[in-house]
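Visitor: have a look; sequence and predicted model below, questions after that.
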Amino acid sequence: MCNGSSARVSQGGTIAILHPTSTLSSVTGKIVFTHSTSGNTIASFEISDARDITGYSVVIHQTGDTRVPTQHAGLLHNFRLVDHGASCANAVEMTVPEYYDFGAGGDGIIGRRVSVFEDSFDREPVVEGVIGWN
């Protein structure tokens, strides 16, 4: 992969594979960001268990360092998962409130930590990961 050859075909956009933040949990997931033809950013979020995830909050942090406590990782973007009819219990696809830059550095989201919270930001996230190219 580092030398420019891979059998995997690029899907476009970005992806973060999400892992549990607690050793007591086995919940995993993924979030994919793409740009629509109209220029909006679309988020597709899935989680491994059958919980209803509408109302969960997604935070893209200023740093990609997962060793830093979430309350010290800074805030670049955040949004609440909302059901717009294209959802099932453990998956949501929606347009996010603002355009996301798919670059690295500056305002880009590549290399940033992403955390998913069940309710408020002052608790531990349910899952988190780091955003990379898809």
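Guide: That came in fine, so what should we check first?
Visitor: from now on I want contacts and neighbour counts done on CA atoms only, so please keep to that.
Guide: OK.
Visitor: which elements pack onto the one helix or strand in the chain whose mean pLDDT sits lowest?
Guide: The weakest-scoring helix or strand in the chain, judged by mean pLDDT, DSSP states H and E, is strand 91-95 (a mean of 85). The elements that strand 91-95 packs onto, with contact taken as 3 or more Cα pairs under 8 Å, 6 or more residues apart in numbering; DSSP states H and E, are strand 41-47.
Visitor: partners of the strand it packs on in the sheet?
Guide: Take DSSP bridges as the rule and strand 41-47 pairs in its sheet with strand 29-35 (antiparallel), strand 91-95 (antiparallel).
Visitor: how far off centre is the longest one?
Guide: Distance, stretch centre to chain centre, for strand 29-35: 6 Å (Cα atoms, centre = their mean, to the nearest Å).
Visitor: need the mean per-residue confidence for that strand.
Guide: What strand 29-35 shows for mean pLDDT is 93.
Visitor: good, we can wrap up now.
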